[in-house]
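Any chance you could fold what I've pasted below:
(one chain, ligands or ions: 1)
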Amino acid sequence: MNKELEALLALHAQDARLRSLEGKLDRLLAQKKQLEETIASEERELAARREALEELRRRSRERAAEVDDLDTQIRKYQHQLDEGLLSFKEMEALREKVQSSRARMESLEEEAIALLEEVEREEAAMEEREAAFRRWQARVAEELAELERAIAAQRQELEAERSKRETLALQVDGALREQYERLLREYENPVVPLREGRCTGCRLQVSEITVERVREGREVVTCENCLRILYA
Ligand SMILES: [Zn+2]
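Down below sits the predicted model:
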């Protein structure tokens, strides 16, 4: 094989290596993105639960305040009754009011107690949830740090391999390199072996003359169909 073709094949192999390294880097970046999205979604979920608990606390406080207000009201009525400065009719009306207020008080108190218990249950559950989240977060942070280290290493390797490619490219004759770069925009494999009279890029049969020229290896030969560069 002639020196020109040898240099070109070395460049071609380096390009394949670069493509595979770039693919690996892309996969690592996608993994990182997915992990970050999972973290964000878990954080949103936890924030929503915190908000729901806050709303429950607010309802519980409201109910307790209603109980207190009604209690104050009943005491006021009772005081008026005890003073006895009212007419008989007014006294009757007030007694009825006290009775209905007490009935309302009972159901309000029940609600307030139920809410308070719910708040306690939810607070305990939330504490567990927060602790589990912190454990998960620590593990995921480690995973993320590991991914970032792998990405940095991959980038470093790519940079080194890219500079190697520059060196290899300089060893290929200018016109041939241009031809190769042009083909590279179209094909992942612009340089292919000839097998049993067929170009292994497009899989078509090439002419006898082409086969002969490739075998002789004195010049750079291209497939007459797809224009890929051929070697024996
Ligand atoms: Zn071809």
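
Show me which strand runs longest in this structure.
strand 191-195 (DSSP state E).

buried residues in it?
By neighbour count on 16 or more other Cβ atoms under 10 Å, the buried set for strand 191-195 is Val191, Val192, Leu194. Where C-beta positions appear, they are placed from N, C-alpha and C, glycine not excepted.

who does it touch, helix- and strand-wise?
Counting contacts by 3 or more Cβ pairs under 8 Å, 6 or more residues apart in numbering; DSSP states H and E, strand 191-195 packs against helix 3-83, helix 208-216, strand 229-231.

7 Å instead, please
helix 3-83, strand 229-231 (3 or more Cβ pairs under 7 Å, 6 or more residues apart in numbering; DSSP states H and E).

burial measure for Gly217, as a count.
Residues lying near Gly217 (other Cβ atoms under 10 Å) number 13.

relative orientation of the longest strand of the chain and helix 208-216 in degrees?
Counting by axes from the mean of the first three to the mean of the last three Cα atoms, to 10 degrees, strand 191-195 lies at 110 degrees to helix 208-216.

would a markdown table of the buried residues of strand 191-195 with pLDDT be doable?
Shown next, in a markdown table, are the buried residues of strand 191-195 (pLDDT from 0 to 100):
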| residue | pLDDT |
| --- | --- |
| Val191 | 96 |
| Val192 | 96 |
| Leu194 | 96 |
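
Out of the residues you listed, the closest to the ion would be?
Nearest to the ion among those, counting by Cβ to the ion, is Val192 at 7.1 Å.

wouldn't the closest one be in contact with Leu227 here?
No. Counting by Cβ atoms under 7 Å, Val192 does not reach Leu227; the two are 11.1 Å apart.

from the chain's centre, how far out does the longest strand of the chain sit?
42 Å (Cα atoms, centre = their mean, to the nearest Å).

quick one: strands adjacent to it?
strand 198-199 (antiparallel), strand 229-231 (parallel) (DSSP bridges).

right, so of those strands, which gets closest to the ion?
strand 198-199 (3.1 Å).

Name the surrounding residues that touch stretch 62-70.
The contact list for stretch 62-70 (Cβ atoms under 7 Å, 6 or more residues apart in numbering) reads Ser101, Arg104, Met105, Leu108, Glu109, Glu111, Ala112, Leu115.

just to revisit the earlier point, I'd like the buried residues of strand 191-195 laid out as CSV, including distance to the ion.
Output for the buried residues of strand 191-195, formatted as CSV (distance: Cβ to the ion, whole Å):
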residue, distance to the ion
Val191, 11
Val192, 7
Leu194, 9
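
Might you list the low-confidence residue ranges for the protein?
By pLDDT under 70, the weakly predicted segments of the chain are 1.

Show me how it divides into domains.
Domains of the chain are assigned by automatic domain parsing as 3-172, 173-232.

Deepest-packed of these, please.
Stretch with highest mean neighbour count among the domains of the chain: domain 173-232 (a mean of 15; mean count of other Cβ atoms under 10 Å).

And it, end to end?
20 Å (Cα to Cα, to the nearest Å).

wait, Asp173 sits on Leu5?
No. Between Asp173 and Leu5 there is no contact under Cβ under 7 Å: 10.0 Å.
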